[in-house]
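Student: Everything below, folded, please.
(one chain, ligands or ions: 1)
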Amino acid sequence: MQLKDQLLAKIENRSACIGVVGLGYVGLPLALEFARAGFKVIGYDVSERVVGLLMSGKSHIQDVPSTELARLVKVGKFEATTDEARMKEMDAVSIAVPTPLAKTRDPDMGYVIAAADAIGRHCRPGVVVVLESTTYPGTTRELLQPKLEAAGLTVGEDVFLAFSPERVDPGNPIWNTKNTPKIVGGITPACTQVATALYATCLDTLVPVSSPETAELVKLLENTFRSVNIGLANEMAIVCDKLGVNVWEVIDAAATKPFGFMKFTPGPGIGGHCIPLDPHYLAWKMRTLNYKTRFIDLAGEINSEMPAVVVRKVTQALNEEKKAVNGSRILVLGVAYKKDIDDMRESPALDVIRLLEQQGATVRYHDPFVPKYREDGHEHSGVPLTDEELTSADAVVIVTDHSTVDYQRVVHLARVVVDTRNATAKLAKGKGRIVSLASPSSYAIA
Ligand code: SAJ
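Tutor: Here you go, the predicted model:
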C-alpha cells in the first residue's frame, strides 16, 4: 500500500499520532479538537512553563477549559512536551507558532524556521505537515518544502505539505476552531487530499484550494479587508469631525442599507495579534517584487495615526477648560485592544498613554480585564474606578469600551469625557462635557 493510502487509513481509524507545534490560542484548541476526535495528540512547545501547566491539567487559553484539558491528559489523549525528539512519533504535524513583525515591520520568521528545522530533523516518510501560522504567500513552498526535501523526503509522495490558515477569534461565543470553515491548500493534490482528510476528522467544514499560496493569500485578504475598512471608518471620523457631523450617526444610518455595505467603526487605532500585523506580511512580499501595496500602506498610516488623533482631541477638550495637557491628571478607561477581553497586544491604548505622558500629563488607567500590564520592562497597575478617580481627573478618556463599565456613572461624575468608542451615545447628560471622537459636540481634530 502506498504511503499516502497508509496515512489516510491511520487518519481514518484514528491510529495516527497527531502533533501540534505551538500551544497558544491557535495550537491548543486545535490539539484538543484532534484529541476529542479520538487521536493521541502530542503538543510540542518550547516553553517549559506552558508544558508544565498543561500537563498539570491547567489551561492558559481562555477558550480551552481546564476541566476538558485535564480529562484528556488523564486518559492519555493529550500530552505536552518540550522534547522535539517526540516529533518522530507524529504522523501529522500542525505548526501554529507566532509570526510577529520585526521592529523594521519585516516578517520575523524565526519561530516558523525553528519549527520547520525541528520537524526536518525528526520527520519520516508517511507524515503530513501543515503550516497554520499567518505568513506571506510562498512561505510553505519556499521555506518549508526545502527543509523536508533536505531530509531526503519527496513532497507529495513520502511527505505531504499544506498551508491552512488559522481563523481563531479568541473569546468569540459563536465561532470556534471546530465550526469555523477551514481553508486547506497543498503543494500537490495528494497533499491537499491528505491535509483535508486530517482536518475533516475534527472540523465541521473544509475548503480545499488549489495551492498553499492561495491559502496563504486567503488569510491575508481576510485581515487586510478589515484593516482597510477600519482605516476608511477612521478617515470618515476625521472627515465628519471637520464637517461637524456625527460619524456614528452616519455609519449607523449607512448600515441600514440591507446590501452592499458592511459596518466598521472608528476608534483610537487598531490592536491585536492579527489586523495590525497580517497585512504587512503581504506588503513586505510585494516589495520584494517591486510592487507597493498602496491600500495596505495607506490603511496602516491612517490606523496608526489614530492614537495621535485621540490625543489632539483630549488636548482640545482640556483647552476648552483653559487647561494644558501638561500637568493634567487623565484617567484612561479600557486598555485592552478591544472590548471584553484581557489582551493587550499592540493595543492603541499604549500609544495614547505614551503620547499623553510625553506631553506632561499624569495618566492613570482603569480596565476591569487588565489589572496590570508590562511595557518596556515597566509594570503598570490599573486603579479602581472610584468616585474620587472620576471626579479628580481633568479628563476621562474612553479608549476601550468594556461592557462592564457603568458609563452613565462616568458621565455623571467626570468633568470632561473624551469618548473614542461612542460608549456614551445614549446616556443622560451628566455634570461634565462629553467630547466624542467625531461629532458636533466635539472640536475639529485638525
Ligand atoms: N476595530 C475598529 N473598528 C472596527 C473593528 C475593529 O477600530 O470596526 C479595532 C478593534 O478595536 C481592535 C482591532 O481593530 O483594536 C482589531 O479588531 P478585530 O475586530 O479585527 O479583532 P481581532 O484582532 O481579534 O481580529 C480577529 C481576526 N481573526 C483572525 O485573524 C482569525 C479577524 O480576522 C476577525 O475578523 C476578528 O477577530 C473578528 O471578527 O472578531
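Student: So which elements touch the helix or strand harbouring residue 4?
Tutor: Element membership for residue 4 (DSSP states H and E) is helix 3-12. Judged by 3 or more CB pairs under 8 Å, 6 or more residues apart in numbering; DSSP states H and E, helix 3-12 is in contact with helix 189-200. (C-beta placed from N, C-alpha, C; glycine too.)
Student: Spell out which parts of the stretch 251-400 of the chain neighbour the ligand.
Tutor: Residues of the stretch 251-400 of the chain found near the ligand (CB under 6 Å from any ligand atom) are 264-265, 267, 270-272, 274-275, 337-338.
Student: let me redo that: the stretch 51-200 of the chain
Tutor: Counting by CB under 6 Å from any ligand atom, the stretch 51-200 of the chain sits next to the ligand at 166-169.
Student: The residue nearest to residue 204 when sequence neighbours are not counted: what's it in contact with?
Tutor: Sequence neighbours aside, residue 179 is the residue nearest to residue 204 in space, at 5.0 Å (criterion: CB to CB, 6 or more residues apart in numbering). Each residue near residue 179 by CB atoms under 8 Å, 6 or more residues apart in numbering is listed here: 203-205.
Student: again, but for residue 24
Tutor: Going by CB under 8 Å, 6+ apart, the list of residues near residue 24 reads 61, 96-98.
Student: returning to that earlier point: out of the residues of the stretch 251-400 of the chain next to the ligand, name the two that are farthest from one another.
Tutor: 265 and 274 (17.3 Å; CB to CB).
Student: Between these two, tell me which one has more neighbours.
Tutor: Under the neighbour definition other CB atoms under 10 Å, residue 265 and residue 274 were set side by side, and residue 274 has more, 21 against 17.
Student: Is the more buried one in a helix, a strand, or coil?
Tutor: Here residue 274 is recorded as coil under DSSP: H, G, I helix; E, B strand; the rest coil.
Student: Touching, it and residue 134? I think so.
Tutor: Yes - contact status for residue 274 versus residue 134: in contact at 7.0 Å, counting by CB atoms under 8 Å.
Student: Now the common contact residues for these two.
Tutor: residue 223.
Student: how close does the residue nearest to residue 40 when sequence neighbours are not counted sit to residue 201?
Tutor: Nearest non-adjacent residue to residue 40, counting by CB to CB, 6+ apart: residue 17, 5.2 Å away. For residue 17, the distance to residue 201 equals 13 Å [CB to CB, to the nearest Å].
Student: My understanding was that residue 39 contacts residue 76; is that so?
Tutor: No - at 11.4 Å, residue 39 and residue 76 do not qualify as touching, with contact defined as CB under 8 Å.
Student: Tell me which of these two has more neighbours.
Tutor: Ranked by neighbour count (other CB under 10 Å), residue 39 and residue 76 place residue 39 first, with 24 against 10.
Student: then stretch 367-384 to PDB, C-alphas only?
Tutor: What follows is stretch 367-384, C-alpha atoms only, in PDB (Å, rounded to 0.1, in the frame of the first residue of the first chain):
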ATOM      1  CA  ASP A 367      -9.500  48.300  33.000                       C
ATOM      2  CA  PRO A 368     -11.600  45.500  34.600                       C
ATOM      3  CA  PHE A 369      -9.900  42.900  32.400                       C
ATOM      4  CA  VAL A 370      -6.400  44.200  32.700                       C
ATOM      5  CA  PRO A 371      -5.400  44.800  36.400                       C
ATOM      6  CA  LYS A 372      -1.800  45.300  35.300                       C
ATOM      7  CA  TYR A 373       0.400  45.100  32.300                       C
ATOM      8  CA  ARG A 374       4.100  45.200  31.500                       C
ATOM      9  CA  GLU A 375       5.500  47.500  28.800                       C
ATOM     10  CA  ASP A 376       9.200  48.300  28.100                       C
ATOM     11  CA  GLY A 377      10.200  46.400  31.200                       C
ATOM     12  CA  HIS A 378       7.900  48.500  33.500                       C
ATOM     13  CA  GLU A 379       4.800  47.200  35.200                       C
ATOM     14  CA  HIS A 380       1.700  49.400  35.100                       C
ATOM     15  CA  SER A 381      -1.200  48.800  37.500                       C
ATOM     16  CA  GLY A 382      -4.700  49.900  37.000                       C
ATOM     17  CA  VAL A 383      -6.700  51.900  39.600                       C
ATOM     18  CA  PRO A 384     -10.200  51.100  40.900                       C
END
